[in-house]
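Asker: After the sequence you'll find the predicted model.
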Amino acid sequence: MLIGREKEQKVLEEAYLAEESKFVVVYGRRRVGKTYLIRESLEKRFVFQHAGYYGGKLSDELFEFCASLREYGLHDFSRPKNWLEAFELLKELIRNSSKKRKVIFLDELSWMDTKGSDFIMALEGFWNNWASARKDVFLIVCGSATSWMLNKIIHNKGGLYNRLSYRIHLQPFTLKECERYLISRNIILNRHQILECYMIMGGIPYYWSFLEKGLSLSQNIDRIFFAKDAPLEQEFDYLHAALFAKPDLYIKIVSTLGRKKAGMTREELLKETNCADSGNFSKRLEELESCSIIRKYSQFGTKERNAIYQLIDNFSLFYYKFLKEKPTDEHFWSNQVNTPVVNTWCGLAFERVCLEHVSQIKQALGISGVLSETYSWFCKEDQANGIQGSQIDLLIVRKDQVINLCEMKFSSKKYAVTEKIDNEISKKISDFKALANSRYAIHVTFISPYGVTDNSYTGNIQNIITADDLFS
């Protein structure tokens, strides 16, 4: 059963019902559910479907393409010598089809583009010179190698430039969609446990598919990540190898950001990674951002060139904290509950989950219809000017002249604001007012799974957001 993806399904259905040919590309990080979305939405309507083979030579790819042509009804043809000839055979298959709408699905497109092949030229010719001139072809392509998809298809400057009808950037599941997925599989976890699971796996459906009915969350995490031959033990390496043809630089960027909670500017990243300042480096950052592994955000009151890059992928954060040097204890997670190292990680991971659910936070605040921008902000200590040094991970700056200063704290019960926390929030407000040059009203917004215990230190809190709000 297909969970969520209503907007994406609507796009695919519109393309299918159109009265002219359509070319759709679906892209996104590995394991996010691209192929599943397409097959569940359109499989019974395919005229042709084929997936490239990882690591194959040109002859291997053509052999498998021919096997798919035979599977869908084309027989008695000579084996093509190149992709130009292969696409001529695909044209023949389409001409022979009696279906009103010719749905063609090409999966793992990058694997078909072997070194020295004419694949892109053949694809351009197939679409530009033939399929687009018809009224009945619906071509849909996707692939896990996001860098290839961006460079060769989406940002193509050649024959495919401005030729795409729709682009679907498939995002990870939200908390609500993960909850719906578990319900569909009769797996019983409460919302706090779902939140903790999201802090580890993010919204990647494939990872959630390993959860077993009848096990506690801790038992599942041990089995999936820490047991001998755990199913996701090598996932970090596979993830980057699948996304990027040469993953070393990407991994260097991700591992560098993994050590910096607040993130880094492009200049700081260049210095830390010892990389050359080039357009190639900027392109790698863009590709990581497109895979939802890092995010790029602006600091309030600063220029675009001072944007911050921050590791946002939950699984990568979990990997660097607990899996890079994998413990020998197969019950590691069960034995680490409420330890200082896990509690510290929980605080950081919860912040990332909140940053992935800003639209839900806005909805809880009742400002979904108000024009707003999200920022972070920090300043260094400057004793001479009375600046104490502050970091604010989420600011929601609203058109109605209010700024929600969001304080995110993870807890397994109602959070008790202490005098220390109250003073830290006051310090942030003081520093921000002194340096940010904004006259907007500042509303302290506290985000914690179970809300906040009312005490003498909660008087300045204007809004309280709970985990239930994040599930909206």
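Answerer: All right, it came through fine.

Asker: Residue 131: what's it in contact with?
Answerer: 21, 23, 94, 137, 139 (Cβ atoms under 8 Å, 6 or more residues apart in numbering). Yep, even glycine has a C-beta here, placed from its N, CA and C like the rest.

Asker: Filter these down to just the ones in helices.
Answerer: residue 94 (DSSP state H).

Asker: Quick check: phi and psi on residue 49?
Answerer: Note on residue 49: backbone dihedrals following degrees, to the nearest 10 are phi -140, psi 140.

Asker: Among the contacts of residue 131, which pair sits farthest apart?
Answerer: 23 and 94 (14.1 Å; Cβ to Cβ).

Asker: ok, of the contacts of residue 131, which come out buried?
Answerer: 21, 23, 94, 137, 139 (16 or more other Cβ atoms under 10 Å).

Asker: does the last one really touch residue 23, like I thought?
Answerer: Translated: residue 139. Yes - in this structure, residue 139 is within contact of residue 23 by Cβ atoms under 8 Å, at 4.9 Å.

Asker: and the residue lying farthest from the centre of the chain, what pLDDT?
Answerer: In the chain, the residue that sits farthest from the middle, by Cα atoms, centre = their mean, is residue 76; the gap is 44.0 Å. Note on residue 76: pLDDT of 91.

Asker: ok, and it, which helix or strand is that part of?
Answerer: Assigning secondary structure by DSSP states H and E places residue 76 outside every helix and strand.

Asker: Could you check how far it is from residue 47?
Answerer: 18 Å (Cβ to Cβ, to the nearest Å).

Asker: Kindly report the domain assignment for the protein.
Answerer: Under automatic domain parsing, the residue ranges defining each domain of the chain are 6-169, 175-233+326-351, 236-319, 364-470.

Asker: need those in JSON lines with distance to residue 358, can you?
Answerer: Formatted as JSON lines, the domains of the chain follow (distance: least, Cβ to Cβ, whole Å):
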{"stretch": "domain 6-169", "distance to residue 358": "17"}
{"stretch": "domain 175-233+326-351", "distance to residue 358": "12"}
{"stretch": "domain 236-319", "distance to residue 358": "11"}
{"stretch": "domain 364-470", "distance to residue 358": "6"}
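
Asker: related to what we said a few turns ago, how much space is there between the residue farthest from the centre of the chain and residue 61?
Answerer: Distance from residue 76 to residue 61, by Cβ to Cβ: 22 Å.

Asker: got it, and residue 389?
Answerer: Residue 389 is 57 Å from residue 61, by Cβ to Cβ.

Asker: more neighbours, those two?
Answerer: Per other Cβ atoms under 10 Å, whichever of residue 389 and residue 61 has more neighbours is residue 61, with 21 against 13.

Asker: Who are the contact partners of the nearest residue to the more buried one once chain neighbours are set aside?
Answerer: Excluding its sequence neighbours, the residue lying closest to residue 61 (Cβ to Cβ, 6 or more residues apart in numbering) is residue 112, at 5.2 Å. Residue 112 makes contact with 52, 61, 65, 83, 106, 119 under the criterion Cβ under 8 Å, 6+ apart.

Asker: hang on, the second one packs against residue 50?
Answerer: It refers to residue 61. No - applying Cβ under 8 Å as the test, residue 61 and residue 50 come out as separate, 9.6 Å apart.

Asker: So which residues of the stretch 251-400 of the chain form strands?
Answerer: 264-265, 294-297, 308-311, 372-379, 390-398 (DSSP state E, counting those that start in this stretch).

Asker: same thing with the stretch 1-150 of the chain?
Answerer: 22-27, 46-51, 102-107, 137-142.

Asker: nearest to residue 204, of those strands?
Answerer: strand 22-27 (15.0 Å).

Asker: contacting residues around that closest one?
Answerer: 8, 11-12, 15, 34, 37-38, 127, 131-132, 137-143, 146, 149-150, 153-154, 163-170, 290.

Asker: Now the buried members of the residues you listed.
Answerer: Going by neighbour count (16+ other Cβ under 10 Å), these have 8, 11-12, 15, 34, 37-38, 127, 131-132, 137-143, 146, 149-150, 153-154, 164-165, 168-170, 290 buried.

Asker: What about the residues you listed, which are in helices?
Answerer: Using DSSP H, the buried ones among the contacts of strand 22-27 in helices are 8, 11, 12, 15, 34, 37, 38, 127, 146, 290.

Asker: Redo the residues you listed as a markdown table? Include distance to residue 423.
Answerer: Listed next are those as a markdown table, based on distance: Cβ to Cβ, whole Å:
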| residue | distance to residue 423 |
| --- | --- |
| 8 | 46 |
| 11 | 49 |
| 12 | 53 |
| 15 | 56 |
| 34 | 48 |
| 37 | 48 |
| 38 | 53 |
| 127 | 62 |
| 146 | 44 |
| 290 | 40 |
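
Asker: could I get these as CSV with distance to residue 174 and pLDDT?
Answerer: Output for those, formatted as CSV (distance: Cβ to Cβ, whole Å; pLDDT from 0 to 100):
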residue, distance to residue 174, pLDDT
8, 13, 97
11, 18, 97
12, 20, 97
15, 24, 97
34, 17, 94
37, 15, 96
38, 20, 96
127, 34, 97
146, 21, 80
290, 19, 81
